[in-house]
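> Show me the folded form of this:
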Amino acid sequence: MPSKLYFAGLFANLSIGCWTGGFALSGNTDVGDILGVQLDWGDKQNYYNTILSTCAVLGMMLGAIFSKMILVYGRRKIILILNIFITLITVPYFFTSDYTVLCITRTLLGFFGSVIINASATIIGESIPVEYQSVIGTAINTGIVSGIFITVTFGLLLPEKDDIAAA
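Next comes the predicted model:
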């Protein structure tokens, strides 16, 4: 019987990677107005917000297409390596004021999240005993929904569009 520590570590790795998928998809929901003011998008704000959201979806689609790397490098190794890349990519994502960097980092976050989601489903099916698969299998959905929830929760703490324009 696998140890509880193994399950905890696996659950944490899967949730962090899958959290990125949810974060990438919903990351622009609450900050779109603030980015519009800070980057001076003017009346093209809807256009830029749509492009940013499309970058995440494009990254997730590319991640699903190129998930064959899971077979080449191994599931566990891919999950661990991409979690490191996710950590490195989030730094410029949070601290940039350049629209191109936002698009690139959002695409990469979607790509990495998608590959991890695919690797997670594969590793759960192959390495977890059948009686625990339903419990650990929820890590994927829990991670995605948690990413969306955290993004929306932090969005509640952000100032309103009018507050930023007045500052």
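> Mind giving me the packing neighbours of the helix or strand containing P92?
P92 is part of helix 75-95, with elements assigned from DSSP states H and E. Packed against helix 75-95, as judged by 3 or more Cβ pairs under 8 Å, 6 or more residues apart in numbering; DSSP states H and E, are the following elements: helix 4-26, helix 69-73, helix 99-127. In short, each C-beta sits where N, CA and C put it, glycine included.
> Name the residues of the last one that come out as buried.
I take that to be helix 99-127. With burial defined by 16 or more other Cβ atoms under 10 Å, the residues of helix 99-127 counted as buried are 102-124.
> do the same with the shortest one
By neighbour count, with 16+ other Cβ under 10 Å as the criterion, the buried positions of helix 69-73 are I70.
> and it, what other elements does it pack with?
helix 75-95, helix 99-127.
> Name the residue closest to the centre of the chain, please.
For the chain, the residue nearest the mean C-alpha position is T20 (1.9 Å; Cα atoms, centre = their mean).
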